[in-house]
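Chemist: Kindly return the folded structure for what I paste below:
(one chain, ligands or ions: 2)
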Amino acid sequence: MKFANFLILPLIFLFTYCSKSDSNDDNQIDDNSSSSVSEVRDSTEDSSSNSQETSESTSDNNSNVVEEGVPEVFKKIYAASRVYLEGNNVVIEVDGAPDHKSPYYSRNHELYEPYNGSNTNFNQNPNSIKTFDFKFKIPLNPKEASKKVTTQLGSIGVSLNGVAFYNQYAGPNNQPLTNEINSFDQYAGHPQNQGVYHYHLEPTYLTSNKGQDALLGFLLDGFPVYGPFENDVKITNENLDEYHGHSHITPDYPNGIYHYHITDTDPYINGNGYFGSPGTVSQ
Ligand SMILES: [Zn+2]
Ligand SMILES: [Zn+2]
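Modeler: Ligands and ions are numbered 1, 2, ... in the order given. This next block holds a predicted model:
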């Protein structure tokens, strides 16, 4: 009997291991790992009473999807389904839907919550949150561009929870956000007409979970985006250059790096364009 167990156990182990790696290969070929993302979401929702525990368990989980050669800092994008190198770029795959509640989820969705923010002029837009196969392709070693380009309408970067950053304008023709602001939900985001949920302002869910001075994501040029505080001091537009950033050492970049800060006044995330050369985003 003992002898039989001795033979069978390694066989079971081999079988489990093989079927596991097969399913990974399938994911890579199909480029469709959305099922694993929703599994992560489902399991975190169960423990949503403790938000800190939730983000920790998702970031642990995330270390499996950040592939070899990708700098450690990208593990912070806890909603990513896959992060990998492609030439001199880091490719970040996310589904773009927030991990926090929103009135823009359909009413039968677990994360649906009616508006409960403080804006008495809240005016829900007709759109609802959809998921996408976002690929943010950003420079692995971002550098200042000799010729700066303005940010475009649509996604200009990606935040830790996979939600897109948008610039300080509403379409078409770069109108100010004045009217759009009233449709921002209790976490300061909203979906556009295709269902892409995004932040034009501080992602308050992330700053309350990760800290007001935390790294919050990356713009398409590969430079990191930080919150509105630094060393317990509130950052204002006056502290930043025309692209809405500056350079110094941060906890994630001990050698120093150019980085953007999100402030509470227009232009919020980015100023007159990308400091570096932007990568691409597809959905
Ligand atoms: Zn918008
Ligand atoms: Zn700074």
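Chemist: is it fair to say Glu281 lies in a strand?
Modeler: Slight slip there: residue 281 is Val, not Glu. Yes. Assessed with DSSP: H, G, I helix; E, B strand; the rest coil, Val281 lies in a strand.
Chemist: thought it was touching Gln152?
Modeler: No. Counting by CB atoms under 8 Å, Val281 stays clear of Gln152, with 9.6 Å between them. Using the backbone N, CA and C atoms, a C-beta is placed for each residue, glycine as well.
Chemist: Need the phi and psi values for Gly276.
Modeler: phi -110, psi -170 (degrees, to the nearest 10).
Chemist: Also Val90?
Modeler: phi -100, psi 130.
Chemist: Please tell me how far it sits from Lys137.
Modeler: Val90 is 8 Å from Lys137, where distance means CB to CB, to the nearest Å.
Chemist: Of those two, give the one with the bigger neighbour count.
Modeler: Using other CB atoms under 10 Å as the criterion, Val90 and Lys137 rank with Val90 on top: 26 against 17.
Chemist: The more buried one contacts Val70, correct?
Modeler: Yes. Contact status for Val90 versus Val70: in contact at 5.9 Å, counting by CB under 8 Å.
Chemist: what residues do those two have in common as contacts?
Modeler: Residues within reach of Val90 and of Val70 at once, by CB atoms under 8 Å, 6 or more residues apart in numbering, are 83-84.
Chemist: Can you mark which positions in stretch 75-88 are buried?
Modeler: 75-84 (16 or more other CB atoms under 10 Å).
Chemist: any chance you could map the helices in the stretch 51-200 of the chain?
Modeler: 51-62 (DSSP state H, counting those that start in this stretch).
Chemist: what residue ranges in it score low on pLDDT?
Modeler: By pLDDT under 70, the low-scoring segments of the stretch 51-200 of the chain are 51-63.
Chemist: Repeat the analysis, applying 90 as the threshold.
Modeler: Scanning the stretch 51-200 of the chain with the threshold set as pLDDT under 90 gives 51-64, 171-174, 178-179.
Chemist: residue ranges of the strands in it, please?
Modeler: Counting by DSSP state E, counting those that start in this stretch, the stretch 51-200 of the chain has strands at residues 82-86, 89-94, 134-139, 157-159, 164-165, 169-170, 175-176, 189-191, 197-199.
Chemist: The first one vs strand 134-139, what angle?
Modeler: Think strand 82-86. 40 degrees (axes from the mean of the first three to the mean of the last three CA atoms, to 10 degrees).
Chemist: Check which helices and strands strand 82-86 is in contact with.
Modeler: If contacts are counted by 3 or more CB pairs under 8 Å, 6 or more residues apart in numbering; DSSP states H and E, strand 82-86 sits against strand 89-94.
Chemist: swap in the fifth one?
Modeler: When contacts are defined as 3+ CB pairs under 8 Å, 6+ apart, strand 164-165 sits against strand 157-159, strand 197-199.
Chemist: how far away is the nearest residue to Val66 once chain neighbours are set aside from Thr236?
Modeler: Spatial nearest neighbour of Val66, excluding adjacent residues (CB to CB, 6 or more residues apart in numbering): Val83 at 4.5 Å. Shown here: Val83 relative to Thr236, a distance of 32 Å by CB to CB.
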